[in-house]
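Enquirer: just the structure for this:
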Amino acid sequence: MSPGRYWVPALFVLLAAYPFLPVAEPNRGEQFTVLFVYAVLALGLNVVIGYAGLLHLGIAAFFGIGAYTVGILTVPYFPFGQSFLVAATAATLAAAAAGVATTAPVLRLRGDYLALVTLGFGLITLYAIRNLDAITEGTKGMNPIGAGPVPGVAEDADLSGWRLFPGWGVRWYRYPYLYFLALGVLGLVMLFLRNLERSRLGRAWVALREDELAAACTGLNPARLKLAAIAVGAGLAGLAGALYAIALQGTGNPQGFDFTLSMTMVCCVILGGLGNRPGVLLGTLLLMGFDRVATNVLDNLIQEHVGSGGPSYTKVSGWKLMIFGTVLILMMRYRPEGMLPEARHRRELHEEPTKPV
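Expert: Below is the predicted model:
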């Protein structure tokens, strides 16, 4: 086995050890928690695009459905008062059901036509969230989300007995408890998708992606395979939305579930490598890590040397879109299969031509 295959377990061990290190900071840990959430979202999109070959541009809609489902079931001004475990389960099922319901009528569409339909679904979902004020609170978002982790445990349960270090909080939805929860969910999703890849369903998805007509001729049902891929991908997106809502203690502004997030997730999948779980994980940590963590660190370093009154063009955050675009152009030019491509894609794009005899 190649030594490179061990980097994912080593990364998880390092991330699990981070809160115990002397350099650990609560603010940085909370940023890492959000990165784990986006990694789950990107892995869900990879099921749809990387495994089944369906270009989906509305994954942020399922992310928002998951977040708002948790909000509806947990905010104090609604009578449901469910725990996070129940709400997260409902969010996953609701997003999966929405994915199946919106995809079933357009199964005959392929390629760009399907992408346009999913784009429209994402826009409709965002519009509905903004305008259903009686349910979603409109542009204000739903907050505060108050829920215990499991039924029978109060939201404000004192976890001081679990503190191993003085800097740790005493609430389950604060660092580092939610950090470990998000990291654990990410690890379980990675294991789940690994087993799914090797299953009969996973191999059928690859056959569908390579040639739908040939897959149908071998006895596979393309419609069922597409619906299964959408259901799994949307369900994981809903789970990510549930974690995102509890991390923010609210749903946040609906603008956080717009088309920009969907395209960012597509970029994470392409950058890391279509169809490859470790590649998607790496692409998400690099792209979203630069956006959420590295830019803030670099801006603070620049302010220390230039001062807070320096010109705006000295801030890295003001150039990040240009940096994103440049990186994507270079990737498409020199490594279109991604940083860690699936073996099949690597052979297709970099296979050396056979020499004539």
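
Enquirer: who are the contact partners of Gly44?
Expert: 59, 62, 232-237, 239-240 (Cβ atoms under 8 Å, 6 or more residues apart in numbering). The C-beta positions use only the backbone N, C-alpha and C, and glycine is treated the same way.

Enquirer: that one: what's its closest spatial neighbour, skipping adjacent residues?
Expert: The spatial neighbour of Gly44 that comes closest, neighbours along the chain excluded (Cβ to Cβ, 6 or more residues apart in numbering), is Leu236 at 3.0 Å.

Enquirer: now do the helices in the stretch 151-300 of the chain.
Expert: Taking DSSP state H, counting those that start in this stretch as the test, the helices found in the stretch 151-300 of the chain are 177-198, 200-210, 212-217, 222-248, 259-272, 277-289, 295-306.

Enquirer: any buried residues in the fourth one, and which?
Expert: Which is helix 222-248. Buried residues in helix 222-248, counted by 16 or more other Cβ atoms under 10 Å: 222, 225-248.

Enquirer: that one packs against which elements?
Expert: Where contact means 3 or more Cβ pairs under 8 Å, 6 or more residues apart in numbering; DSSP states H and E, helix 222-248 is packed against helix 26-46, helix 59-74, helix 84-103, helix 177-198, helix 200-210, helix 212-217.

Enquirer: quick one: list the elements packing against the third one.
Expert: By that I understand helix 84-103. helix 59-74, helix 222-248.

Enquirer: let me know the angle separating the shortest one from helix 259-272.
Expert: Right, the one you point to is helix 59-74. Here the directions of helix 59-74 and helix 259-272 differ by 120 degrees (axes from the mean of the first three to the mean of the last three Cα atoms, to 10 degrees).

Enquirer: got it, and the longest one?
Expert: Angular relation of helix 222-248 and helix 259-272 on a 0 to 180 degree scale: 110 degrees, by the same axes, to 10 degrees.

Enquirer: what's near enough to touch Leu54?
Expert: 48, 114, 226, 229-230.

Enquirer: if we can go back for a sec, among the helices and strands packed on helix 222-248, which is the most enclosed?
Expert: For the helices and strands packed on helix 222-248, the largest average neighbour count (mean count of other Cβ atoms under 10 Å) is found in helix 59-74, namely a mean of 29.

Enquirer: how far does that one sit from its chain's centre?
Expert: Chain-centre distance of helix 59-74: 13 Å, with Cα atoms, centre = their mean, to the nearest Å.

Enquirer: surely Asn276 meets Pro341?
Expert: Yes. Between Asn276 and Pro341 there is a contact under Cβ atoms under 8 Å: 6.1 Å.

Enquirer: more neighbours: these two, which one.
Expert: Remark: of Asn276 and Pro341, Asn276 carries more neighbours, 25 against 21, as counted by other Cβ atoms under 10 Å.

Enquirer: for that one, which non-adjacent residue is closest in space?
Expert: Asn276 sits nearest to Glu342 (Cβ to Cβ, 6+ apart), 4.5 Å away.

Enquirer: what sits against Gly241?
Expert: Counting by Cβ under 8 Å, 6+ apart, Gly241 has contacts 41, 62-70, 91, 95.

Enquirer: and for Leu261?
Expert: Leu261 neighbours (Cβ under 8 Å, 6+ apart): 59-60, 63.

Enquirer: gap between Val297 and Ala182?
Expert: Applying Cβ to Cβ, to the nearest Å, the value for Val297 to Ala182 is 21 Å.

Enquirer: kindly apply the preceding question to Asn27 instead.
Expert: 16 Å.

Enquirer: re earlier: closest one to Leu85 among the helices of the stretch 151-300 of the chain?
Expert: helix 222-248 (9.8 Å; Cβ to Cβ).

Enquirer: quick one: that closest one to helix 26-46, angle?
Expert: 170 degrees.

Enquirer: mean confidence for helix 222-248?
Expert: The pLDDT scores in helix 222-248 average 96.

Enquirer: got it, and stretch 114-128?
Expert: Here the average pLDDT along stretch 114-128 is 93.

Enquirer: and for stretch 69-76?
Expert: 93.

Enquirer: start the count at 39, not 1, going forward
Expert: All right, first residue 39 from here; so that's stretch 107-114.

Enquirer: ok, residues contacting that stretch?
Expert: Here stretch 107-114 has contacts from 116, 118-122, 124-126, 128-129, 132-133, 173-174, 179-185, 276, 279-280, 283-284, 288-289, using Cβ under 8 Å, 6+ apart.

Enquirer: can you pull out the low-pLDDT segments for the chain?
Expert: For the chain, the stretches with pLDDT under 70 are 39-42, 192, 195-205, 344-352, 382-395.

Enquirer: spit out the contact partners of Phe118.
Expert: Per Cβ under 8 Å, 6+ apart, neighbours of Phe118: 110-112.

Enquirer: for Leu53, give its distance to Val188.
Expert: 24 Å.

Enquirer: higher neighbour count, these two?
Expert: Set side by side, Leu53 and Val188 show more neighbours around Leu53, with 19 against 11, by other Cβ under 10 Å.

Enquirer: residues near Val208, how many?
Expert: Residues near Val208, counting by other Cβ under 10 Å, number 14.

Enquirer: distance of it from Phe74?
Expert: Taken as Cβ to Cβ, the span from Val208 to Phe74 is 22 Å.

Enquirer: again with Gly207
Expert: 18 Å.
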